[in-house]
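No letters, just coordinates:
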């Protein structure tokens, strides 16, 4: 009887804690979307460690390390510090994971907001 209660308690605790863990978005994701400067093509490579998100964002403008990456549950955010034609641009991403898609909104240095969908590379 004690073993059965212990197992039931362990399952209950895991069920409560699972939503607090971030979605596992480790791996490559691609996105193509329109912006004020034309169509953009991206490959994001994410690494998740707990709630910490690291990786790279590769576009037609080069590859940069993502910074300040966080994943909590299905919510994800990070910053891409892009060098665009000699201009430093901080692009802040916020998104929601849903299966093999992440719906992002990106704020380009406070000058433009863009919506995009990144899809997991399988």
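Happy to help now that I have it. This structure is a prediction, so every number in the text was calculated from the model and none was measured. Numbering: from 1, shown residues only.

Parallel or antiparallel, which strands does the host helix or strand of residue 44 pair with?
Here residue 44, judged by DSSP states H and E, is contained in strand 38-49. Here strand 38-49 is paired, per DSSP bridges, with strand 27-35 (antiparallel), strand 52-59 (antiparallel).

What residues sit buried inside that strand?
Within strand 38-49, the residues that count as buried by 16 or more other C-beta atoms under 10 Å are 40, 42, 44, 45, 46, 48. For the C-beta atoms, the positions are set from N, CA and C on the backbone; glycine is no exception.

Just the closest of these to residue 115, please.
Residue 115 has its nearest neighbour among the buried residues of strand 38-49 in residue 40, at 12.3 Å by C-beta to C-beta.

who wins for proximity to residue 118 among the strands paired with strand 38-49?
strand 27-35 (4.1 Å).

contact partners of the closest one?
For strand 27-35, the surrounding residues in contact (C-beta atoms under 8 Å, 6 or more residues apart in numbering) are 39-46, 102, 104, 108, 112, 114-121.

how about that strand: buried residues?
Within strand 27-35, the residues that count as buried by 16+ other C-beta under 10 Å are 28, 29, 31.

Nothing else from me, thank you.
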